[in-house]
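Peer 1: Whatever this is, show me its structure:
(one chain, ligands or ions: 1)
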Amino acid sequence: MDQQLKTTNKTTLTLLEQMGLNEYEIEQRKQLFGFESSDAVILRGCHDLIDAELEDLLFKFHDFQTGVPEIVQLIGDSDTMARLSSAQSRYILQLFSGDYGISYVNDILRIGMVHKRIGVEPKLYFSAMLELKNILFEVMRKELQSEEEYDRVTKALEKLLMFDNTLVFDTYIHSLVSEVQIARVRSEEYARELELKVMERTKQLEEQSRTDPLTGLLNVRHLQSIMNQVLKAAQRRNEAVCFIYMDIDNFKPINDELGHLAGDKVLKGVARLIKSCCREEDRCFRYGGDEFCILLPNCDAEHAEKVVCERIRVALGKEWESLEISMGLADTQPPDYISSDDLIRKADAAMYANKKQSKAARAESGSSDEPPTEKSA
Ligand SMILES: Nc1nc2c(ncn2[C@@H]2O[C@H](COP(=O)(O)OP(=O)(O)OP(=O)(O)O)[C@@H](O)[C@H]2O)c(=O)[nH]1
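Peer 2: Numbering: from 1, shown residues only. Predicted structure coming up:
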């Protein structure tokens, strides 16, 4: 779960804390409705009267509730109705307890939260509260001796009910705000995951577009741009760059005589071998077909011939019986750098010249054009 959801873990906070209500705020609210300590005393004075009328009162309230189809639907069964009646009886007595501090407010908030949770719409809750008020006023009218007393009690009750209603209203709003916050956090999480997936996929696609699917080497599509980057960097640092062009000799007979899959295997093996003979910073490409090339930053042709080409030849001789690769090298050095196109052209021409020579040598020595075999095979 997301960090933000964790940090707003509600189970560690009371409803009062969650809603930022403290004693000061509660007093402010009471003042707003003109509810004074004298009102608390007045209501407390009616406690026994209400207690005596409680059963009758609840009966009337029950009648009202069961007459509203939406409320009946929400209550649903007799057990819930019984629990509801007992909660209502508690609430009615609390109204006349004379104590309307933190604990009272917390109970009212809980009432609001439970109603919101079970899906009681505000219009149903407040219509029930209006009915309860009418029933309580009726009792007062019947039980209180003077008009003056009736007036005092109903005014105090009116203020307290208003105070309670605002608290319940606030729990509805608080709950809706929390739902929106949770939905926001979830959608942000989802957006982040989506973003990561898109980034990952983009990286994969970029990688795929850069590499040759058979050999895993870089493909020729990016040769030009990579060469230009390497050449620019070399010029800045005053370094040489070498380019090696390679073409497998007599590759066609491998396909023709051993099959295309065997040809693919040779291409993959050669690619792996070339890569293993290079440094991390060298870039190995499959140029196409049976042609490969290597771009070597900070390296001249003499050094590349002595080290890299030799290493490739030795490795080739170890792995294959009679597999040869013609290679051509070209380099460019400070101060007069040549273009990437010229570098490729020169290396290609050198490779063809070498291939021509080795073909002539083979013809002279009468060596056969038998396809090569893997030594380890
Ligand atoms: N198996 C396989 N063969 C390929 C692939 N791409 C190109 N080829 C084959 O590689 C062969 C290259 O043939 P050539 O260009 O005549 O090269 P060669 O037989 O090595 O001749 P020389 O270079 O003159 O020694 C062709 O038969 C292509 O069909 C590939 O991806 N897999």
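Peer 1: pretty sure residue 143 contacts residue 48?
Peer 2: No - Residue 143 is beyond contact range of residue 48, at 10.4 Å (criterion: Cβ atoms under 8 Å). Glycine gets a C-beta too; all of them are placed from N, C-alpha and C.
Peer 1: Between those two, which has more neighbouring residues?
Peer 2: Neighbour tally, residue 143 and residue 48, criterion other Cβ atoms under 10 Å: the higher count belongs to residue 143, 15 against 10.
Peer 1: Find the helix or strand that residue 263 is a member of.
Peer 2: helix 260-276 (DSSP states H and E).
Peer 1: Could you identify the helix or strand that succeeds that helix?
Peer 2: Next element after helix 260-276 (DSSP H and E): strand 283-288.
Peer 1: Tell me the buried residues in that next one?
Peer 2: Neighbour counts using 16 or more other Cβ atoms under 10 Å place 283, 284, 285, 286, 287 of strand 283-288 among the buried residues.
Peer 1: now do stretch 87-97
Peer 2: In stretch 87-97, counting by 16+ other Cβ under 10 Å, buried: 88, 89, 92, 94, 95, 96.
Peer 1: how far away is the fourth one from the ligand?
Peer 2: This points to residue 94. Look at residue 94 and the ligand: by Cβ to the nearest ligand atom, to the nearest Å, they are 86 Å apart.
Peer 1: what helix or strand does that residue sit in?
Peer 2: With DSSP H and E as the test, residue 94 turns up in helix 78-95.
Peer 1: what sits up against that helix?
Peer 2: 43, 47, 50-51, 54, 57-58, 61-62, 65, 75, 104, 107, 111, 132, 136, 157, 160-161 (Cβ atoms under 8 Å, 6 or more residues apart in numbering).
Peer 1: Run the angle between the following helix or strand past that helix and helix 78-95 for me.
Peer 2: The first helix or strand that comes after helix 78-95 along the chain, using DSSP H and E, is helix 102-117. Comparing the axes of helix 102-117 and helix 78-95 via axes from the mean of the first three to the mean of the last three Cα atoms, to 10 degrees yields an angle of 150 degrees.
Peer 1: Give me the mean pLDDT for helix 102-117.
Peer 2: Average pLDDT, helix 102-117: 92.
Peer 1: list the helices and strands that helix packs on?
Peer 2: Judged by 3 or more Cβ pairs under 8 Å, 6 or more residues apart in numbering; DSSP states H and E, helix 102-117 is in contact with helix 15-18, helix 23-32, helix 78-95, helix 147-210.
Peer 1: Between the ones you listed, which one is closest to residue 365.
Peer 2: helix 147-210 (41.4 Å; Cβ to Cβ).
Peer 1: Thank you, goodbye.
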